[in-house]
Each structure stands twice: as structure tokens, then as C-alpha cells.
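# coordinates only, sequence not included:
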RNA sequence: GCGCCCGUAGCUCAGCUGGAUAGAGCAUCCGCCUUCUAAGCGGACGGUCAGAGGUUCGAAUCCUCUCGGGCGCACCA
């Protein structure tokens, strides 16, 4: 149940019934200020211009029609026209109360997408040659939040972890691995420190001519399918994927081994793909390379945008692999949408690949190809986030630090917890804080990573939301009844109760918008507002205190339940865990 | 040079398809715990929405230009 869509439908019907042209839009939105109703329809002003009439007269005609609609009569308690022609709509508390009861009986919290789509989501996609670092954080957690939300809406989501598991650097790594294995190391032990391994093999490569030649030879052997080299490559790949998988587990990211479909998976498709582009007359030789010139993306002077799909030496590039992946995603996975959560710096590349894929017929006509870029994670100095010594921050280290810092705060705030409880809470709080700090910002901007603001746990942070949830659970424990079994009439008398009910019932609107635009921060803002309204309700509307009659108590318990369920689900969609105590 | 993104309170950020008096948090200051968890609540202070034009009933939001910042632009991914 989506309040805004519902009202939008009613207002649109009313506008048509009032004889206004179909092009007129209802423009329904939640009101920003108290005193302007709960929702407002702003379409009368625009319609007045089209109909060449006075805005307030048009508004009155719309209102007259609305008042004849029996559904509106149930839903809306008060309609007024204000200012130049705003139509302010106040929701009926009884209608709100009835809907709170409905969502309390519904695991989907009133959310059901009527048109399930197949959505392929490309996210995380680390390079297996190196250890996962902070640069992978945003893609992994933003992508995962959108994936979880799409699945909750009932879409068929196909995760694609397009890992970097192919290319020239693997010759060097495999050669290094071979040497260390000969010294009696096991693969998993040799690769325990993946970052160090990469550096030592790079050093080896730079310093030893013999080793460098071997590395180059292994690249060729790898690509021609040499059994020995392939075995080494598989060992390397397996260990590296295990590293990633550990990170996903700690981060509570839903990717697993089945979702991995790396660059190597498209290896056999690349040569035929280039041949096909040549046959279509799209790819031409230029300076020894195979290039497609896209006039669709020409610059001011009309110079088409070049996409190199094969190097002069015959090697393929990531554009080629991405094209092959796109074809697979459209023709084999039958995607309606393909979402890419990739750094904003890749925008030009993504646009080229999308344009070319459509032009060459590698994707179906009505597919939606979407690059959802994000900015860089910055340090407090406003420069890309690095360690004190200027190195790359490993994701594993970052997560450990988050949990350690959280544990100190948890111990400080609540000394009554057992060591076991404290450890579990610290993990959920620390990981949640790091994820929420990222998810709550508009993804397209760079964002400044700051331990202090993130773990101060005040204001718009995940602990605030988790705390709101824990407070509600604490009430339920104290009430000592099965709150989910309650199903009596609610009475929403206090302004804090009404405001909280409305916000709770707006969950569906926010979920819809956040997947449509792939913006999890909309969900964060919503949850923060919801938690804030709950805190106010908590202060103003006692539930279990003396002097509260049974009906009021049961009403408030049910309202609190709807909030708890919404907070829990909302945080779950962000990949953040809740707890009953903290 | 061309292209993309960005510029909102001292700091970190919201501001939805143009809507009514631009909102939070932090910081600063003032209140509220013999407890439904103070990781909280209430209040105060704080803005020429980078600047200039334009579009219109109405612009932080759309268009143009200027300034300032970030990032891309043929054989790495």
C-alpha cells in the first residue's frame, strides 16, 4: 500500500472528472511542514495554466470531485485549499490505525511489487590479484543494499560478481606461486597475505629478467589453456576468492561463490565477439588495433568516440569483456534491467559499452542498462582515504578497527552486558556504523570517512536506529505479552502517534523510490526520520507507566510493533543487523 | 582543449517529478534521568543555497555564462 500512489490516483481521477485535460498532473507529495496537511496536491496551479482558469477555482473543482469519492472519504479526514491553489490533504486517523493493524499482520509490511522483473546487478567485483581494500567497500555495500531491496519487492535478482581473475598480471602471480609451492608452502599459506604476495611477485618481476620472462610465458600458456599453468591459476583464484568471501561474511554482504562470474568466464567469447563486430562493419582497424567509432557519442567537432576492443598485439580489453558480459546478461539471463555499481570514473567507459552493445544488438531492445556511479571515499583531509603511511587501507583491517572501536563504546554505554553479549553487539554496531555512514550519503558524491562522527553514535548513524529498535524490544520484554498477537482497535489521539503512524506507512513509497533510482540513502533518511519520530513518541506517550489504561496501552504497543518491524526490515534491506539489547 | 560530476549553516550532510517560512546531526550555549535503556528528548545560536543573468504565478532544484574544486578523454582494469 503506497499512500502517495493511492492519492495520486484519486487526484488524477478527480482532475479528469473535473474536465481537465489528461496531460495535467496531480503532483502529489508528502507535505513538508505541519499545518499543510499530511499530503499536498500541487497540480491545480499547472492545470489552471493549461485550462486558462484561476488556480483556486480549479483547485475547488478538484476538491469537489475528490469529496464525492467514497474511498477518499474513508482515507482523508480533511481537505483544504491554501495559498495560490495547494490542496492539503489530512489523513484520517482511523484509516491510519486500520492500516497499522494490516501491516502488523503482514511480513511484507504492505509491499508487493506487481510487475516482477529480472534484474542483474553487477557489484563488488574486486580484482583477485590483490586484497580487498576500501575502494571495494562502496560498490559492495551499496550494491548489496539495492539487491536486498529489489528481492524484498519480489524481483528476480541475479547477482554478478564480475571479479578480475584474468589478464597479464596473473602470469606474474602464478609464476611466483609456483616457486613458493616448490619451497613446500601450501597455496593457502603462501597467499595468506595476498597484498604482500602481490608486492613480492612484482618485486621479483622487476628484479629478475628470468622470472619476468617466465611470467610472460605463463600469460601465453594460461590463455592457450596449458594444464599446469591452469591448475596453478585455479589454486590462486580459489584462495583469493576465499579471502573475498570472508570479507563478505564479516560485512554481511549476501554475495557468495555462486554469484562469481569473473572476466575469465567470457574468455572464449571475446574473439568471436570481435569478429562479429567486424562483420557488422562496426569494428575497423586503426593504428593496428580493432576499434569501434561511435558517432552517437561524438564530440562538438563531430569526432566519434573510439572504443578499442582488441589491442594491436591481439589482446582483448575490458571493454570487450564487458560487452561479452552484457550479451550474456541480456540473452542468457534475460535481464530486464542491468545495474552496475561502479566508480564514477568509469562513466565514459560504461556509456561507450552500453551504446555499443545496443548498436551491435548484443542486448534486447527494451533492456534498461544503468550505471549507478559513486564517488571516492576520502580521508579527513579531503584526499583519498589512505593509511597513515600513505598505503591502501585493507578492508579486513578497517572492519577489525570498527568492531574494536564499537566494543569500547558499548562497554562504556552499557556496563551490564556479559562479555559474550558485548562482543555480538560490538560486531553489529561497528559493522553497521561503517556501512550506514556510507549508505546514508548520496552515492554520487565523494564522501569523507571519519571514525569520530561515525562512531560517536549520535544523530544520523546506524546505532541510533539500532537503539530505537532495542528500546522497543525492551518495552515488549517489560510488557511480558506476545505483542504480535495483539489485534485490537488502535486509537491515535496524540499528534506524536499520528505522525509516527504516517511515517511508518510511508515505508512502501521509500522502498519503491530507492530501487527505482538505486539510492539507498533515501531509505536511510526515511529510517532516521522514523526513529526520530519514535523517540518523540516514546517521550510523549508512555505505554507501560502507571495510569495508562488498557486500550491505550494495547494501541501503543501495536504502533510500536509496526515501527519495530519497519526498522528491522529497513535495516535488513541495508544489510545492517538489529539486536534486542544494546 | 573536450567531456562528466560537484559547490547549501563553522564542520559532515539532506532537500524527491520546480511549490508555501531551505532542514538534520556535530560543534557552542541552556533545560530534562528516585529510570517503559539519557546511544535519548526539548530549546537557543547559526544561511546573499559559489556568483551573474534567464525561463514563470513560484527556482537550492530547469537553461546559459563566469569563478572555484574533483575526475575522465586509444591499446591497464
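Sure, I can see it. Just so it is clear, the model here is predicted, and its values are computed rather than measured.

# please report how far residue A:173 lies from residue A:124.
Here the criterion is Cβ to Cβ, to the nearest Å. By it, residue A:173 lies 20 Å from residue A:124. (Glycine included, C-beta is placed from N, CA and C.)

# what's the answer for residue A:229, then?
27 Å.

# which of the two has more residues huddled nearby?
residue A:124 (29 against 22; other Cβ atoms under 10 Å).

# so who does residue A:149 touch?
A:511, A:514, A:515, A:520, A:523, A:573 (Cβ atoms under 8 Å, 6 or more residues apart in numbering).

# kindly report the same for residue A:138.
So residue A:138 contacts A:341, A:374, A:377, A:438, A:443 (Cβ under 8 Å, 6+ apart).

# and with 7 Å instead?
A:374, A:377, A:438 (Cβ atoms under 7 Å, 6 or more residues apart in numbering).

# how many other residues sit next to the residue nearest to the second one when sequence neighbours are not counted?
By that I understand residue A:377. Leaving aside its chain neighbours, residue A:377 sits nearest to residue A:385 (4.7 Å; criterion: Cβ to Cβ, 6 or more residues apart in numbering). Counted with other Cβ under 10 Å, the neighbours of residue A:385 add up to 21.

# these two touch, right, residue A:385 and residue A:391?
No. With contact defined as Cβ atoms under 7 Å, residue A:385 does not reach residue A:391; the gap is 10.9 Å.

# tell me which element the residue of chain A most remote from its centre falls in.
With distances taken as Cα atoms, centre = their mean, the residue sitting farthest from the centre of chain A turns out to be residue A:210, at 46.8 Å. Residue A:210 belongs to helix A:209-223 when elements are defined using DSSP states H and E.

# what's the next secondary structure element after that helix?
helix A:227-251.

# do you know how far the closest residue to residue A:19 other than its chain neighbours is from residue A:43?
Closest residue in space to residue A:19, ignoring its immediate chain neighbours: residue A:61 at 7.7 Å, by Cβ to Cβ, 6+ apart. Per Cβ to Cβ, residue A:61 is found 12 Å from residue A:43.

# next one: residue A:508 from residue A:110, what distance?
Where residue A:110 is concerned, residue A:508 sits at a distance of 5 Å (Cβ to Cβ).

# can you list residues touching both of these two?
residue A:1.

# which of the two has more neighbours?
Using other Cβ under 10 Å as the criterion, residue A:508 and residue A:110 rank with residue A:508 on top: 22 against 17.

# and that one, what element?
With DSSP H and E as the test, residue A:508 turns up in helix A:507-516.

# is any residue of that helix near RNA strand B?
Yes. Taking Cβ under 7 Å from any atom of the strand as the criterion, helix A:507-516 and RNA strand B are in contact, through residue A:513.

# what is that helix packed up against?
helix A:137-152, helix A:520-540 (3 or more Cβ pairs under 7 Å, 6 or more residues apart in numbering; DSSP states H and E).

# relative to residue A:293, which of these is closest?
helix A:137-152 (30.1 Å; Cβ to Cβ).

# buried stuff in stretch A:95-106?
A:95, A:96, A:97, A:99, A:100, A:101, A:103, A:104 (16 or more other Cβ atoms under 10 Å).

# sorry, back to before: among the helices and strands packed on helix A:507-516, which comes closest to RNA strand B?
Closest to RNA strand B of the helices and strands packed on helix A:507-516 is helix A:520-540 (Cβ to the nearest atom of the strand; 3.6 Å).

# who touches the closest one?
So helix A:520-540 is in contact with A:142, A:145-146, A:436, A:439-443, A:460, A:464-465, A:468, A:471, A:494, A:496-497, A:499-500, A:503-504, A:510-511, A:513-514, A:563, A:566-567, A:570-571, A:573-574, going by Cβ under 7 Å, 6+ apart.

# does residue A:515 touch residue A:147 like I think?
No. Counting by Cβ under 7 Å, residue A:515 stays clear of residue A:147, with 9.5 Å between them.

# which secondary element of chain A has the worst mean pLDDT?
The weakest-scoring helix or strand in chain A, judged by mean pLDDT, DSSP states H and E, is helix A:451-455 (a mean of 82).

# could you report the neighbour count for residue A:289?
18.

# does it touch residue A:310 like I think?
Yes. Residue A:289 is within contact range of residue A:310, at 6.2 Å (criterion: Cβ under 7 Å).

# any idea which helix or strand carries residue A:6?
Counting by DSSP H and E, residue A:6 is part of helix A:3-17.

# quick one, strands of chain A?
A:28-30, A:39-41, A:76-82, A:86-91, A:118-122, A:156-160, A:283-286, A:289-294, A:305-310, A:337-340, A:368-371, A:377-378, A:447-448 (DSSP state E).

# CSV for those strands, including distance to RNA strand B?
Shown next, in CSV, are those (distance: least, Cβ to the nearest atom of the strand, whole Å):
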stretch, distance to RNA strand B
strand A:28-30, 4
strand A:39-41, 4
strand A:76-82, 4
strand A:86-91, 3
strand A:118-122, 12
strand A:156-160, 14
strand A:283-286, 4
strand A:289-294, 3
strand A:305-310, 5
strand A:337-340, 13
strand A:368-371, 10
strand A:377-378, 7
strand A:447-448, 4
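
# kindly reformat these as CSV containing mean pLDDT.
Formatted as CSV, these follow (pLDDT from 0 to 100):
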stretch, mean pLDDT
strand A:28-30, 95
strand A:39-41, 96
strand A:76-82, 96
strand A:86-91, 97
strand A:118-122, 98
strand A:156-160, 98
strand A:283-286, 96
strand A:289-294, 97
strand A:305-310, 96
strand A:337-340, 98
strand A:368-371, 97
strand A:377-378, 92
strand A:447-448, 90
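
# which one is residue A:374 nearest to, not counting chain neighbours?
Per Cβ to Cβ, 6+ apart, closest to residue A:374 is residue A:443, 4.1 Å.

# do residue A:504 as well
residue A:562 (5.0 Å).

# thinking again about what came up before, whichever of the contacts of residue A:138 end up buried, select them in ChimeraX.
If you want just the buried ones from the contacts of residue A:138 in ChimeraX, going by 16+ other Cβ under 10 Å, the selection is:
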select /A:374,377,438
